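Enquirer: sequence first, predicted model second:
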Amino acid sequence: MIQAVAVVVILLGGALGAPRPSAAADPMSETTIGDPQAPVTILEFSSLTCPHCAAFHRETMPKIKETYIDTGKARLVYRDFPLDRAALAAAVVSHCVDPARRFGFIEMLYRDQAAWTQSTDPLKELKIRSQLAGLSESDFNACLENKALIQAIQQRAQEAQKEYGINSTPSFVIGGKKLTGEQSFEAFSEAIDAASAKTR
């Protein structure tokens, strides 16, 4: 588990300039998958450079999706909790991708995490992957210069610390119960089933 001493408060140094509109009409809209009317909501707080978060998305998320999300029993709300400079940049870019493609883009970054995070030029690798998600080079550059968007992501992370006590990634809140770190599918199943029982 990666511990956060505090929410990263970095504005990407020289990458910032005057704010420009991002590619998405509402870049800070929630990133969700599943039926909005599902009885249980899974809140995920993750950092795109966190290896434990990547492991969750590779190994456990497919089982949760098949068992609970695709069947309408739960939905997942993904919230950024960037722990370093590269994670903040990736989170910002994800909010400039078309909302319909955003979660798929996030999943791609987790699957390919080692390649882009360990590159000598992570921003270049991030740009290549954003283009695969339909973001133009000019929109990518404008996104990284969008100070308001960067600050909004940081503000949400600070709110997660205050509201849910989030200080590490991945962390999850399901029916008021917090799960942290690499948890088994069985642990998620127990929490989701318990939350579902409360809604009946």
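Expert: Arrived safely. Residues are numbered from 1 along each chain as shown.

Enquirer: buried residues in stretch 170-180?
Expert: Residues of stretch 170-180 classed as buried: 170-175, 179-180 (neighbour count, 16 or more other CB atoms under 10 Å). Where you see a C-beta, it was placed from the backbone N, CA and C, and this is true even at glycine.

Enquirer: least confident of those?
Expert: Ranked by pLDDT, the buried residues of stretch 170-180 bottom out at Gly175, which has 93.

Enquirer: surely that one touches Glu190?
Expert: No. Using CB atoms under 8 Å, Gly175 makes no contact with Glu190, being 10.7 Å away.

Enquirer: roughly how far does the residue nearest the centre of the chain sit from Cys50?
Expert: By CA atoms, centre = their mean, the chain has its centre lying nearest to Asp80, at 4.2 Å. Distance of Asp80 to Cys50, given as CB to CB, to the nearest Å: 11 Å.

Enquirer: kindly report the same for Ala87.
Expert: For Ala87, the distance to Cys50 equals 7 Å [CB to CB].

Enquirer: gap between Ala152 and Ser94?
Expert: 13 Å.

Enquirer: neighbour count for those two, which is higher?
Expert: Just comparing Ala152 and Ser94: by other CB atoms under 10 Å the higher neighbour count belongs to Ser94, 26 against 16.

Enquirer: need the contact list for that one.
Expert: Taking CB atoms under 8 Å, 6 or more residues apart in numbering, we find Ser94 in contact with 31, 48, 80, 102, 105-106, 109.

Enquirer: okay, Glu163 and Leu43: tell me how far apart.
Expert: On the measure of CB to CB, Glu163 and Leu43 end up 10 Å apart.

Enquirer: higher neighbour count, the two?
Expert: Leu43 (17 against 10).

Enquirer: ok, then the element right after the lowest-mean-pLDDT helix or strand in the chain?
Expert: Least confident element among the helices and strands of the chain, by mean pLDDT, DSSP states H and E: strand 2-3 (a mean of 42). Downstream of strand 2-3, the next assigned helix or strand under DSSP states H and E is strand 31-33.

Enquirer: strand partners of that following strand, parallel vs antiparallel please.
Expert: The strands beside strand 31-33 in its sheet (DSSP bridges) come out as strand 74-80 (antiparallel).

Enquirer: buried residues, the partner strand. List them.
Expert: Neighbour counts over strand 74-80 (16+ other CB under 10 Å) mark 74-76, 78-80 as buried.

Enquirer: which pair in those residues has the greatest spatial separation?
Expert: Considering CB to CB, no two members of the buried residues of strand 74-80 lie farther apart than Ala74 and Asp80, which are separated by 20.3 Å.

Enquirer: from memory the residue nearest to the centre of the chain sits against Ala152, does it?
Expert: No. Using CB under 8 Å, Asp80 is not in contact with Ala152; the gap is 9.8 Å.
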